[in-house]
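Colleague: 3D model of this:
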Amino acid sequence: MAKRDYDALGRVTRTTVGDYGSQVVSTQQYDWATGRVVNSFLDRQNGTVSADQTTYTYTPSGRITSATDLQDARDRDLQCYTYDHLGRLTNAWTDTGTTYTTADWTDSSGAVHGTGSSTTVPATGGCTNANGPAVTGPGSRTVGGPAPYWNTYSHDATGNRTGLVQHDITGDTAKDVTTTQTFGAARTTNTGNGKGGPHALQSSITVAPSGTRTTGYQYDANGNTTAVSDNSGTATLTWNSEDRLASYAKTGGPGTTSYLDDADGNPLIRRNPGRTTLSLPTDEVTLDMAAHTTAGVRSVPASGGLTYTRVSNAVGGSTVLYQAADPHGTNGVQIGSDAAMTVTRRLTDPFGNARGPQPSASAWAGTKGFVGGLQDATTGLTTLGARVYDPATGRFLSDDPVTVNGSPQQWNGYAYSDNDPVNGSDPSGLCRADICGVGTVIGGTGSGPDNPVRFATTGPVDPDDPSEGTVYKGTFIPGPPKKKVPTTTAKTCAGCKVVTDLPKNAEKSMPSGGYDVNHVTVYEVSQNTWLNKDISDDFNISDQDGEVSRTTTTIHTRQLTTQLAAKIGGSVSVKTSVSASLPFLADGEVEVAVSLNGELSWQNSDAVTDAKQDSVTLPTVKVKAGQAYGLSPVGTATRYMAVFVHTDGSTTSAEWGTYDIHNWAPAAYDHRPAVILNNNAGPAK
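Modeller: Numbering: from 1, shown residues only. This next block holds a predicted model:
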């Protein structure tokens, strides 16, 4: 069903799903130095441009500063992010990503603002301003894109989100929507009086142009939210003996929604008013009580964020769809298998709230929403593993049953993903994926279709080794630090330059470090320009002393390089007498790749159109009677070393080289070349 391609480090670089004619391809490109995803592409087989082309930029410490999604090579959705000193999200907005010229403007009191025309310079990732949108008044802002938004978040010292400002996208502050949240005092103990503990949200006040809404919250002795009251009524929540949500009902609403979990605590049945949904790991069956019909959705995950989805309707027909997720598992793009391969989009803000136009329930397959959780349209809540999440507040409705001592930000009992949903996710409802090893994290490891975490339902992974961690309801919890493992000896390269962006030919020929490589550093050991006289074209023997001139064409030099590649093996890495003749590379163990101006000739020569027939006169070369002469390649010989750090802490190294041919030049030989492409002198004498 899915075809996967991998790079030298064992990471998935391309995933192809679907039958020929309606295939969908997901491609990831990684930064060689950090392993972070820098580009991803989503392509349809019948498309001339990518349905999605997403580019990520990062701070030096690894936090994402921007995510640019070019949709159908037409619409550009550029999201920008800022953080505080604890890594918590403080601003998120969609930016125009262009230089911006401000103008004078007059407010409602008649005061004039601005100083005329001024231009700003795009910041990191193309965001116009690195600290937030550039706004000088109504109509003067840099917020834009197909689904624009601008949110500002504030937090207290204990990790509670105390404020949210949903700015007017035109820059008119009078139209901002401001929410202020209050919490229990520090060191508060939950006594069961309904107020909860120090991290429990007590009340929120939202001020908008349409009016003010006040919301209050109540909790039980275990920290579960039992009531949410606002101007429109009260929502009552009940919980079972394992602190799982059992029911939800709101005054004036359509009725009660009830929940039933399986023996391991996984969601099994949800009964909404008029509808009942059965949820299994890959299947979802919904019964419409009024119409007496059922519909099913089967979702089979592949790598690269792709999911193969089949929708079965009440009359026995079915439709195949492909859904594509962001690195945290939130499906945002759906591609049909129809002739047009129709694209449907569903955009959200960092905390999972809908933004921009949303598809109807019938147009989107299944109820999997934010980070792959089960989304309930009736209540607005999402079930994420062990807990229920409210995207409106960016918080869970129950206290966290798991505490990871080494992560103080995770100690907050209700905050989602340490208040940083851009760089982390919490699909388990227990702790961030990059801490507990579940779900996915951008540029990280974690578990998922490509890297499953080995665990049982509950209990220690290895009773004899606490460092292996334990499992709580299917979620891996790290153990104490593992004892140091003796490392194997790897070569070092003192004083060598670290290579952060490998050339194409070097990347293709890089040796593999094995499946268990956690990190790799590539060094440039040496680089020299060299005329390789062990290779010759147009080989001749001079019949007199004198100077010999030569002419060639651009296409001829390309053909010579292609012939050379075919002559010495025609593969990405070769071990021949040619590699042994490269004085800067050879030690008998170095793999060598041959290319022309950075292109692997045997791979790209057919695809590159270079039909220049212009004649180029080359320099003359002096020869003596009886001396051999011809054309030899001139290029750059580069030797590389890769140092691999493995998951057990050991290190290994491998060396390889590239010979990048720039041109072919006349040469006189003191010995017969090892490789002769075109011999005009007859057999060796």
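Colleague: separation between residue 637 and residue 529?
Modeller: To residue 529, residue 637 is 8 Å away according to CB to CB, to the nearest Å. (Glycine included, C-beta is placed from N, CA and C.)
Colleague: Of these two, which one has the most company?
Modeller: Taking other CB atoms under 10 Å, residue 637 and residue 529 do not tie; residue 637 has more neighbours (20 against 11).
Colleague: got the domain boundaries for this protein?
Modeller: 19-175, 497-676 (automatic domain parsing).
Colleague: what is the rounded mean pLDDT of the first one?
Modeller: To tie it back to what came earlier, the one meant is domain 19-175. For domain 19-175, mean pLDDT is 82.
Colleague: go on, the longest one?
Modeller: This predicted structure assigns domain 497-676 an average pLDDT of 71.
Colleague: repeat for stretch 212-225
Modeller: Mean predicted confidence for stretch 212-225 is 95.
Colleague: One more: stretch 366-381?
Modeller: 94.
Colleague: For that stretch, buried residues please.
Modeller: Neighbour counts over stretch 366-381 (16 or more other CB atoms under 10 Å) mark 366-376, 378-379, 381 as buried.
Colleague: Likewise for stretch 69-81?
Modeller: Buried-residue list, stretch 69-81, by 16+ other CB under 10 Å: 69, 70, 71, 76, 77, 78, 79, 80, 81.
Colleague: ok, now stretch 243-259?
Modeller: For stretch 243-259, a neighbour-count test (16+ other CB under 10 Å) marks 243, 244, 245, 246, 248, 249, 250, 257, 258, 259 as buried.
Colleague: What average pLDDT does stretch 234-254 get?
Modeller: pLDDT averaged over stretch 234-254 gives 95.
Colleague: gap between the two ends of it?
Modeller: 13 Å (CA to CA, to the nearest Å).
Colleague: for stretch 343-357, same thing?
Modeller: Terminal residues of stretch 343-357 are spaced 14 Å apart (CA to CA).
Colleague: From the chain's centroid, how far away is that stretch?
Modeller: Relative to its chain's centre, stretch 343-357 lies at 17 Å (CA atoms, centre = their mean, to the nearest Å).
Colleague: Now it: average pLDDT?
Modeller: Stretch 343-357 shows a mean pLDDT of 95.
Colleague: Name the residues of that stretch that are buried.
Modeller: Buried residues in stretch 343-357, counted by 16+ other CB under 10 Å: 343, 344, 345, 346, 347, 348, 349, 350, 351, 352, 355, 356.
Colleague: can you list contacts of it?
Modeller: Outside stretch 343-357, the residues within contact range by CB atoms under 8 Å, 6 or more residues apart in numbering are 44, 51, 71-72, 77, 79, 81, 89, 92, 146-149, 151, 330-336, 358-359, 363-364, 369-371, 382, 389, 391-392, 394, 416, 421-422.
Colleague: before we move on, back to that, possible to save the buried residues of stretch 366-381 as a markdown table with distance to residue 675 and secondary structure?
Modeller: Below are the buried residues of stretch 366-381 laid out as a markdown table (distance: CB to CB, whole Å; DSSP: H, G, I helix; E, B strand; the rest coil):
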| residue | distance to residue 675 | secondary structure |
| --- | --- | --- |
| 366 | 60 | coil |
| 367 | 64 | coil |
| 368 | 58 | strand |
| 369 | 61 | coil |
| 370 | 60 | helix |
| 371 | 56 | helix |
| 372 | 56 | helix |
| 373 | 61 | coil |
| 374 | 64 | strand |
| 375 | 64 | strand |
| 376 | 69 | strand |
| 378 | 74 | coil |
| 379 | 73 | coil |
| 381 | 70 | strand |
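Colleague: Where does pLDDT dip in the stretch 351-500 of the chain?
Modeller: Residue ranges of the stretch 351-500 of the chain with pLDDT under 70: 437-492.
Colleague: now the helices: where do they sit in it?
Modeller: 433-436 (DSSP state H, counting those that start in this stretch).
Colleague: What's opposite residue 652 in the beta bridge?
Modeller: Beta-bridge partners of residue 652, counted by DSSP bridges, are residue 644.
Colleague: Could you work out the end-to-end span of stretch 22-36 for me?
Modeller: Start-to-end, stretch 22-36 (CA to CA) is 30 Å.
Colleague: how far is that stretch from where the chain is centred?
Modeller: On CA atoms, centre = their mean, the centre of stretch 22-36 falls 7 Å from the chain's centre.
Colleague: what comes up buried for that stretch?
Modeller: So for stretch 22-36, counting by 16+ other CB under 10 Å, buried means 22, 23, 24, 25, 26, 27, 28, 30, 32, 35, 36.
Colleague: so what strands line up beside the helix or strand residue 237 falls within?
Modeller: Per DSSP states H and E: residue 237 is located in strand 233-239. Strand 233-239 pairs in its sheet with strand 225-230 (antiparallel), strand 245-250 (antiparallel), by DSSP bridges.
Colleague: So which of the ones you listed is nearest residue 18?
Modeller: Residue 18 sits nearest to strand 245-250 of all the strands paired with strand 233-239, at 36.8 Å, using CB to CB.
Colleague: what sits up against the closest one?
Modeller: Residues from elsewhere that reach strand 245-250 (CB under 8 Å, 6+ apart): 224, 233-240, 255-259, 379, 381, 383, 388, 397-398.
Colleague: For residue 197, give me the pLDDT.
Modeller: Looking at residue 197, the pLDDT reads 83.
Colleague: And the nearest residue to it once chain neighbours are set aside, how close does it get to residue 220?
Modeller: Once flanking residues are discounted, residue 197 sits nearest to residue 190: 4.2 Å by CB to CB, 6 or more residues apart in numbering. Here residue 190 is placed at a distance of 9 Å from residue 220 (CB to CB).
Colleague: Over to residue 272?
Modeller: For residue 272 relative to residue 220 (CB to CB), the value is 24 Å.
Colleague: cool, residue 199 as well?
Modeller: Between residue 199 and residue 220 the distance is 15 Å, computed by CB to CB.
Colleague: Compare those two (neighbour count), which wins?
Modeller: Taking other CB under 10 Å, residue 199 and residue 220 do not tie; residue 199 has more neighbours (22 against 18).
Colleague: From residue 433, how far off is that one?
Modeller: Residue 199 is 21 Å from residue 433, by CB to CB.
Colleague: that older thread, just the ones of the buried residues of stretch 22-36 in strands?
Modeller: Among these, the ones falling in strands (DSSP state E) are 24, 25, 26, 27, 28, 30.
Colleague: Save the residues you listed as a markdown table, and put in distance to residue 175 too.
Modeller: Formatted as a markdown table, these follow (distance: CB to CB, whole Å):
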| residue | distance to residue 175 |
| --- | --- |
| 24 | 40 |
| 25 | 42 |
| 26 | 39 |
| 27 | 41 |
| 28 | 39 |
| 30 | 42 |
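Colleague: gap between the helix or strand harbouring residue 549 and the chain center?
Modeller: Assigned by DSSP H and E, residue 549 falls within strand 546-553. Relative to its chain's centre, strand 546-553 lies at 53 Å (CA atoms, centre = their mean).
Colleague: And for stretch 664-682?
Modeller: Offset of stretch 664-682 from its chain centre (CA atoms, centre = their mean): 50 Å.
Colleague: What lies in contact with it?
Modeller: For stretch 664-682, contacts defined as CB under 8 Å, 6+ apart pick out 531, 533-541, 548-550, 552, 557, 560, 563-564, 567-568, 577-578, 581, 618-623, 627-634, 684.
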